[in-house]
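Enquirer: make a model of this:
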Amino acid sequence: MFLDGLEDAETGKLMGVFAQDVASDRGYTRERLDDFAIASLERAMAATNTGHLATEMAPVTVTSRQGETLVEHDEQPFQAKLDKIRQLRPAFAKDGTITAANASSISDGASALILASQAAADQHGIKPLARMLGHTTHSRHPSEFTIAPVGRLKN
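Expert: Predicted coordinates:
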């Protein structure tokens with residue numbers, strides 16, 4: 001799991017250490033980070049419970065030793081114990097502000113997209129949902145992943 005997203009492949013530095021560096025440099029307090037984490041989890045749970053995300057999700061059947069399980073929505077927000085968030089110890093620095101609860105979760109940003117040419121869609125009888133007319137990219141150094149895709153701000 002470390003090689004699949006928990007550490008920067010170039011430096012071997014943990015992404016949580018980068019997050020702590022950004023939080024320290026920008027003066028983000030533990031209270032502010034925990035408040036944001038709790039609000040984010042509450043919004044995610046509410047959006048799931050009201051069906052607002054239903055069109056954004058596709059059910060997936062997961063097979064394990066226990067059998068098959070149908071996963072219909074992001075389970076991570078519902079596993080959080082909101083009342084415990086403020087009690088967790090810092091994870092990446094002794095007096096740090098980043099914890100397991102206010103850091104990105106392992107499933108953060110998980111998604112899938114199928115891109116195909118019009119010819120391939122026609123060949124396979126697939127009706128496209130959208131047409132790509134252009135694209136652009138922007139990236140930050142891995143040490144600044146917590147503030148991506150925001151560009152550099154001028155003072």
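Enquirer: near M15, how many other residues are there?
Expert: Close neighbours of M15, defined as other CB atoms under 10 Å, add up to 19. Using the backbone N, CA and C atoms, a C-beta is placed for each residue, glycine as well.
Enquirer: just the pLDDT for it.
Expert: pLDDT, M15: 88.
Enquirer: contacting residues around the spatially closest residue to it that is not a sequence neighbour?
Expert: Nearest residue to M15, sequence neighbours excluded (CB to CB, 6 or more residues apart in numbering): L6, at 5.9 Å. By CB atoms under 8 Å, 6 or more residues apart in numbering, the contact list for L6 reads L14, M15, G16, I106.
Enquirer: can you add distance to A116 and secondary structure and give those residues back as JSON lines?
Expert: As requested, the contacts of L6 are arranged in JSON lines below (distance: CB to CB, whole Å; DSSP: H, G, I helix; E, B strand; the rest coil):
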{"residue": "L14", "distance to A116": "37", "secondary structure": "strand"}
{"residue": "M15", "distance to A116": "32", "secondary structure": "helix"}
{"residue": "G16", "distance to A116": "37", "secondary structure": "helix"}
{"residue": "I106", "distance to A116": "29", "secondary structure": "coil"}
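Enquirer: pull out the buried residues from these.
Expert: With burial judged by 16 or more other CB atoms under 10 Å, the buried subset of these is M15, G16.
Enquirer: from A112, how far off is the residue sitting furthest away from the middle of the chain?
Expert: Centroid-distance maximum for the chain: Q123 at 34.7 Å, with CA atoms, centre = their mean. Q123 sits 21 Å away from A112, going by CB to CB, to the nearest Å.
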